[in-house]
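Undergrad: Below is the structure, and that's it, no one-letter string:
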């Protein structure tokens, strides 16, 4: 079992930056693909960013490419999401997720473990 706890959310103005963190426990995340998803009120949960541990590749949703950066620190068992140039449409609950399969996935229910989420609100 992997337990994930997100932190770092908050209320910011458009154009600002936030850094979300995800602390893992239970098992080392070094052999897990890690991902970030988000869910806005009344909308489906959507993929934001992911990282494949086996090939060291990080991939992003088009809506955040060039603004968000996913990084992982296997030694600290943490994953971060640096969010720059935030827009009101980035407002959502952000979730960290872990996937034991080594293949890329942008589908939330293909991930095995989830955090409880952290709220990000961007005002215009």
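TA: In hand now; what should we look at? All values derive from a computational prediction rather than experimental measurement. Residues are numbered from 1 along each chain as shown.
Undergrad: in the chain, which spans are strands?
TA: 3-7, 10-13, 18-25, 33-39, 46-52, 57-60, 68-73, 78-83, 92-99, 113-114, 118-123 (DSSP state E).
Undergrad: of all those, which lies closest to residue 106?
TA: Across the strands of the chain, the minimum distance to residue 106, taken as C-beta to C-beta, is reached by strand 46-52, at 3.9 Å. Where C-beta positions appear, they are placed from N, C-alpha and C, glycine not excepted.
Undergrad: on that earlier part again, okay if I get the strands of the chain as a markdown table plus distance to residue 107, mean pLDDT and mean neighbour count?
TA: Shown next, in a markdown table, are the strands of the chain (distance: least, C-beta to C-beta, whole Å; pLDDT from 0 to 100; neighbours: other C-beta atoms under 10 Å):
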| stretch | distance to residue 107 | mean pLDDT | mean neighbour count |
| --- | --- | --- | --- |
| strand 3-7 | 18 | 98 | 17 |
| strand 10-13 | 28 | 98 | 13 |
| strand 18-25 | 19 | 98 | 19 |
| strand 33-39 | 10 | 97 | 25 |
| strand 46-52 | 7 | 97 | 20 |
| strand 57-60 | 13 | 96 | 14 |
| strand 68-73 | 17 | 96 | 17 |
| strand 78-83 | 18 | 98 | 22 |
| strand 92-99 | 10 | 98 | 23 |
| strand 113-114 | 13 | 97 | 19 |
| strand 118-123 | 21 | 98 | 17 |
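Undergrad: export the ones you listed to TSV and tack on distance to residue 106?
TA: As requested, the strands of the chain are exported to TSV (distance: least, C-beta to C-beta, whole Å):
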stretch	distance to residue 106
strand 3-7	18
strand 10-13	26
strand 18-25	17
strand 33-39	8
strand 46-52	4
strand 57-60	8
strand 68-73	13
strand 78-83	15
strand 92-99	11
strand 113-114	15
strand 118-123	19
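Undergrad: Quick one, which of these gets closest to residue 105.
TA: Comparing the strands of the chain by C-beta to C-beta, strand 92-99 comes nearest, at 6.0 Å.
Undergrad: my guess is residue 1 meets residue 24, correct?
TA: No: judged on C-beta atoms under 8 Å, residue 1 makes no contact with residue 24 at a distance of 10.6 Å.
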